[in-house]
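*Asks:* Predicted model follows, preceded by the sequence.
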Amino acid sequence: MAVAYKNILNLIGEDAEREGLLKTPERVAKAMQYLTQGYSQNAVDILNSAKFHEDISEMVIVKDIELYSLCEHHMLPFVGKAHVAYIPNGWITGLSKIGRVVDVYSKRLQVQERLTVQILDAIKEALNPIGAAVVIEARHMCMMMRGVSKQNSITTTSAFSGEFHKDRTRSEFLRLIRSNPLQ
Ligand SMILES: Nc1nc2c(ncn2[C@@H]2O[C@H](COP(=O)(O)OP(=O)(O)OP(=O)(O)O)[C@@H](O)[C@H]2O)c(=O)[nH]1
Ligand SMILES: [Zn+2]
């Protein structure tokens, strides 16, 4: 990858041999490897690694999970928050694992819609919940730094399963992700 980035430096008109850029191809390669490490990680395994039996069937929400991903069209970042909920059906997972699952799928080339559904599907597969819900709100650098140049637009995507198809459950989830309980 570093060789390819050295070529790219030359192709954009830079001098890849100048002092400040000597280590850049390797740095960028490392950064890109980190930003795409999700390809070698398995979200369902992560959820299963801290899965506990509990007879609880009330909604669990982990909200405001920060998210950094790369859009697959321009390989530019999109940045925002994920809100994830599920209603257990005999099994709960470690709370941190929800954030890890968001990272597994964020650290790939993505479209926001697919990212949203992949998070939902992993939770469905690992926990077989009564319902699950994912909302992602993000700003896309490809719409800000270039192209249409819209600085303030926010894209919201959602995916719901099971009980969250019911108005009442979905409304409760949406109300709770809008609230600021610790303020
Ligand atoms: N649906 C979806 N579209 C995305 C996402 N990220 C970027 N895009 C869009 O992907 C589209 C690619 O469109 P193209 O017309 O092939 O590319 P382009 O000529 O660079 O388009 P512009 O961005 O409009 O200049 C653009 O409309 C982007 O805004 C995403 O997560 N979901
Ligand atoms: Zn893009």
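*Replies:* Perfect, thanks for sending it. Ligands and ions are numbered 1, 2, ... in the order given.
*Asks:* switch to C-alpha atoms for all contacts and neighbour counts from now on
*Replies:* Will do.
*Asks:* tell me the domain boundaries of the chain?
*Replies:* 2-35, 42-178 (automatic domain parsing).
*Asks:* most packed of these?
*Replies:* domain 42-178 (a mean of 18; mean count of other CA atoms under 10 Å).
*Asks:* Could you list the residues of the protein in contact with ligand 1?
*Replies:* Residues of the chain found near ligand 1 (CA under 6 Å from any ligand atom) are 71, 73, 111-113, 143, 147-148.
*Asks:* Just those residues: which are in helices?
*Replies:* 112-113, 143 (DSSP state H).
*Asks:* Please tabulate the residues of the chain next to ligand 1 in a markdown table and include distance to Met32 and pLDDT as additional columns.
*Replies:* A markdown table is the format used below for these (distance: CA to CA, whole Å; pLDDT from 0 to 100):
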| residue | distance to Met32 | pLDDT |
| --- | --- | --- |
| Cys71 | 13 | 98 |
| His73 | 15 | 98 |
| Val111 | 17 | 98 |
| Gln112 | 19 | 98 |
| Glu113 | 22 | 98 |
| Met143 | 21 | 98 |
| Gly147 | 23 | 97 |
| Val148 | 25 | 97 |
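*Asks:* Distance to Gly131 added to those, as CSV?
*Replies:* Formatted as CSV, the residues of the chain next to ligand 1 follow (distance: CA to CA, whole Å):
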residue, distance to Gly131
Cys71, 28
His73, 32
Val111, 23
Gln112, 21
Glu113, 19
Met143, 33
Gly147, 38
Val148, 37
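*Asks:* Quick one: closest of the domains of the chain to ligand 2.
*Replies:* Closest approach to ligand 2 among the domains of the chain (CA to the ion): domain 42-178, 4.2 Å.
*Asks:* where exactly do the helices run in the protein?
*Replies:* Going by DSSP H, the chain shows helices at 2-11, 24-35, 43-48, 95-106, 112-127, 141-144, 167-178.
*Asks:* nearest to Glu58, of the ones you listed?
*Replies:* helix 167-178 (10.6 Å; CA to CA).
*Asks:* Tell me the helices and strands packed up against the closest one.
*Replies:* Counting contacts by 3 or more CA pairs under 8 Å, 6 or more residues apart in numbering; DSSP states H and E, helix 167-178 is packed against strand 60-71.
*Asks:* The strand it packs on: partners in the sheet, and parallel or antiparallel?
*Replies:* Strand pairing for strand 60-71, determined by DSSP bridges: strand 77-87 (antiparallel), strand 109-110 (parallel).
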